[in-house]
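J.: curious how this folds, go ahead:
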Amino acid sequence: MEPSANDLADFESSADGKPQFDFIVCGSGSSGSVVAGRLAEHPEVRVLLLEAGGDDEIPQVRTAGQWPLNLGTERDWNFRAAPGNAVNGRSVPMSMGKVLGGGSSINTMIWAWGHRSDWDYFAAESGDQAWGYDSILDVYRRVEDWHGAPDPHYRGTGGPVFVQTAPDPHPIAHAVVDGAKSLGIPTFDSHNGEMMEGPGGAAIIDLRVRDGVRQSAYRSYVHPHRAQPNLTVLPNALVIRLMMNASTVTGVEFVHGGKVYRAEAANDVVLSLGTFNTPKLLMQSGIGDCTHLQKHGIPVVQHLPGVGQNFQDHVGFDCLWECREPITPRNNGVEATYFWRSEPGLDSPDLQTCQAQFPKSSSAENTKRFNPPAASWNLFPGLVQAKSRGEIRLTGPNPHDALDIQARFLSHPDDLKAAIAAVELAREIGNSPELSSFTKREVMPGPLKGVELERFIRDAASTYWHQSGTAKMGNDAKAVVDGRLRVHGVNRLRIADASIMPRITTGNTQAPCVVIGERAADILRADHDLPVRASYAGDDLV
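T.: Purely as a prediction, here's the structure:
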């Protein structure tokens, strides 16, 4: 639903200087939609939600099985990493959602909590036990509407987040779980809960899909409030600058239809623009490393050398098998997963593999080399605790200047070792007797060893679309936000998205981003003395 010209006229600075909104949320993804929706539950609070992308009411977004059709379209920011030596000079595509719902409107809809050790690491880095696993488990129980076997210790019901284990999965999904079990990997009814407290396991995947329809964060948290007068949602609105008074953020400038508008916030501006656009807006508004900002002629508001640093992602490697018979994908086409360890001594998993019921191949080099047939299925082994770190840098001071994304996949030597272990484990499972009835032959990589296997891995390396870490939470010299998501040295500015992760979570990042949004809403409610809503009665909010 597009705003009218009169609606947009209201965003010009008011004559009496009074702010128009209490809170401005920039970005409607898995965190931003949660923040905006939770704040909108308070009828006395005026909330503005800005989204650079357009409406989500299109089949490619709403129909779960059509998610690949969004990649590379106008609903994708179409970022690309700079060519990297460790990936044989390739420039890896970095898809990110540009539509109402952000990544939650174009992703695979997998709901993965993250490991106990991840959240306890968040708590240690922030100095706040509210980020620890036991507290975060309370958040998951509060927000979930779990449709599966009752499990009150781990799962909640009645929350805004519909979750179920993939219903009626294709038999090949069960075969992957059984193949993992044959190699000694324990199996679970869900890959959340108990499985994320130990060394790993295999399970049918938990999905945010209901009757074949995607359940995005926007649809769960914001859409139910769209008719409320206290909530304004503007799609196709690109935020280009933070408005500042000394070190205090007073509002934002955004572009809609080629015209610049301004909106003011009485309380906080919340950035939920994602791991690339959040540091970009910070730096172009004068918040970042002073040397880098001065290089581009940007006046320095706050020297924060960690802005754009600490970039992390889950790196995956497509492995393919030709089918005996064509497979018709069910649900989202990705129904089985396993988490395991590249070395026996690890106390938590550092590898994850998802199985796709179609011939996914993210590498043009390996597609050309192996020529996979159309009737194929995929295992996508990946590194969920890679040691490589990248960075995000500006190429210029203007909003439409491209970003310099130095992903540095596989630049740490330990990551190549883990990748070899991940691919070899995937080959064992893919070639196991449990999957033989679905398999005509292994297509790639086949029995490669040594230099040839390393070549395959470097050519295969691609993103799991879990970009994180570029405005990390903590109290060290490279931290950007504190435990209450306040930007260090800047007033009335918070960040709530995957960029605040000090370390990427284990597994798909949608669920942790929802939790980050919930924590942000809890914190804002407490810091601004907003009354507890009925849906929160009895909960410890902070």
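
J.: distance check, residue 212 against residue 331.
T.: 8 Å (Cβ to Cβ, to the nearest Å). (C-beta placed from N, C-alpha, C; glycine too.)

J.: which one's more surrounded, those two?
T.: Comparing residue 212 with residue 331 by other Cβ atoms under 10 Å, the one with more neighbours is residue 331, at 24 against 13.

J.: my read is that one is in a helix, agree?
T.: No - Residue 331 sits outside any helix when classified using DSSP: H, G, I helix; E, B strand; the rest coil, being coil.

J.: what do residue 212 and residue 331 both touch?
T.: Counting by Cβ atoms under 8 Å, 6 or more residues apart in numbering, the residues touching both residue 212 and residue 331 are 64-65.

J.: does residue 354 count as helix, strand or coil?
T.: Of the three states, residue 354 takes strand under three-state DSSP.

J.: that one touches residue 332, doesn't it?
T.: No - contact between residue 354 and residue 332 fails when scored by Cβ atoms under 8 Å: they sit 10.2 Å apart.

J.: which neighbours do those two have in common?
T.: By Cβ under 8 Å, 6+ apart, the residues touching both residue 354 and residue 332 are 108, 110.

J.: so where's the chain shaky on pLDDT?
T.: 1-19, 533-542 (pLDDT under 70).

J.: what segments of this structure are helices?
T.: Ranges of helices within the chain are 5-9, 32-40, 59-62, 116-126, 133-143, 171-182, 217, 274-284, 290-295, 364-370, 413-430, 450-460, 510-527, based on DSSP state H.

J.: export the ones you listed as CSV, with columns for mean neighbour count.
T.: Conversion of the helices of the chain to CSV gives the following (neighbours: other Cβ atoms under 10 Å):
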stretch, mean neighbour count
helix 5-9, 10
helix 32-40, 29
helix 59-62, 17
helix 116-126, 20
helix 133-143, 19
helix 171-182, 21
helix 217, 30
helix 274-284, 25
helix 290-295, 15
helix 364-370, 16
helix 413-430, 21
helix 450-460, 18
helix 510-527, 24
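
J.: now tabulate those helices in TSV and tack on distance to residue 379.
T.: Output for the helices of the chain, formatted as TSV (distance: least, Cβ to Cβ, whole Å):
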stretch	distance to residue 379
helix 5-9	48
helix 32-40	32
helix 59-62	25
helix 116-126	24
helix 133-143	28
helix 171-182	8
helix 217	28
helix 274-284	26
helix 290-295	40
helix 364-370	14
helix 413-430	4
helix 450-460	12
helix 510-527	21
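
J.: looking at the ones you listed, which is nearest to residue 208?
T.: Nearest of the helices of the chain to residue 208, taken as Cβ to Cβ: helix 510-527 at 7.2 Å.

J.: show me what that closest one is packed against.
T.: Counting contacts by 3 or more Cβ pairs under 8 Å, 6 or more residues apart in numbering; DSSP states H and E, helix 510-527 is packed against helix 32-40, helix 133-143, helix 217, strand 259-271, strand 493-495.

J.: any idea how far stretch 472-484 is from the chain center?
T.: In terms of Cα atoms, centre = their mean, to the nearest Å, the centre of stretch 472-484 is set 19 Å apart from its chain centre.

J.: returning to what we had before: nearest to residue 81, out of the helices of the chain?
T.: helix 274-284 (10.3 Å).

J.: which strands and helices sit next to the closest one?
T.: Counting by 3+ Cβ pairs under 8 Å, 6+ apart, helix 274-284 packs on strand 238-245, strand 259-271, strand 391-394, strand 403-406.

J.: ok and that helix relative to strand 259-271, angle-wise?
T.: Computed by axes from the mean of the first three to the mean of the last three Cα atoms, to 10 degrees, the angle separating helix 274-284 from strand 259-271 equals 110 degrees.

J.: adding mean neighbour count, write the helices and strands packed on helix 274-284 out as a markdown table.
T.: Output for those, formatted as a markdown table (neighbours: other Cβ under 10 Å):
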| stretch | mean neighbour count |
| --- | --- |
| strand 238-245 | 19 |
| strand 259-271 | 21 |
| strand 391-394 | 22 |
| strand 403-406 | 19 |
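
J.: was I right to think residue 520 contacts residue 486?
T.: No - using Cβ under 8 Å, residue 520 is not in contact with residue 486, being 10.5 Å away.

J.: what touches both of those two?
T.: Taking Cβ under 8 Å, 6+ apart as the criterion, residue 520 and residue 486 both touch residue 494.

J.: still on that earlier bit, so which of the helices of the chain gets nearest residue 84?
T.: Between residue 84 and those, the tightest spacing by Cβ to Cβ is seen for helix 450-460, at 9.0 Å.

J.: so what touches that closest one?
T.: Residues contacting helix 450-460 (Cβ under 8 Å, 6+ apart): 86-88, 90, 316-318, 362-363, 365-366, 369, 410, 416, 419-420, 423, 444-445, 448.

J.: 7 Å - rerun?
T.: 86-88, 317-318, 363, 365-366, 410, 416, 419-420, 423, 445, 448 (Cβ atoms under 7 Å, 6 or more residues apart in numbering).

J.: ok, those residues vs residue 374, which is closest?
T.: Nearest to residue 374 out of the contacts of helix 450-460 is residue 318 (Cβ to Cβ; 14.9 Å).

J.: let me know the distance separating that closest one from residue 78.
T.: Taking Cβ to Cβ, one finds residue 318 at 20 Å from residue 78.

J.: with residue 438 instead?
T.: Taken as Cβ to Cβ, the span from residue 438 to residue 78 is 34 Å.

J.: between the two, tell me which one has more neighbours.
T.: Comparing residue 438 with residue 78 by neighbour count (other Cβ under 10 Å), the higher total belongs to residue 438, at 20 against 14.

J.: who's in contact with that one?
T.: Counted by Cβ under 7 Å, 6+ apart, residue 438 has contacts 172, 175, 323-324, 377.

J.: surely residue 461 meets residue 409?
T.: Yes - here residue 461 reaches residue 409: they are 4.9 Å apart, a contact under Cβ atoms under 7 Å.

J.: now do the shared contacts for the two.
T.: When contacts are counted by Cβ under 7 Å, 6+ apart, residue 461 and residue 409 are jointly contacted by 87, 92, 315.

J.: neighbour-wise, which one of those leads?
T.: Busiest of the shared contacts of residue 461 and residue 409 [other Cβ under 10 Å] is residue 315, holding 27 neighbours.

J.: that one and residue 260, how far apart?
T.: For residue 315 relative to residue 260 (Cβ to Cβ), the value is 38 Å.

J.: and for residue 334?
T.: From residue 334 to residue 260 the distance is 41 Å (Cβ to Cβ).

J.: same question, residue 23
T.: Computed as Cβ to Cβ, the residue 23 to residue 260 distance reads 21 Å.

J.: wait, residue 425 sits on residue 340?
T.: Yes - with contact defined as Cβ under 7 Å, residue 425 counts as touching residue 340 (6.5 Å).

J.: picking up where we left off before, the helices of the chain: which one's closest to residue 493?
T.: Closest among the helices of the chain, using Cβ to Cβ: helix 274-284, at 8.7 Å.
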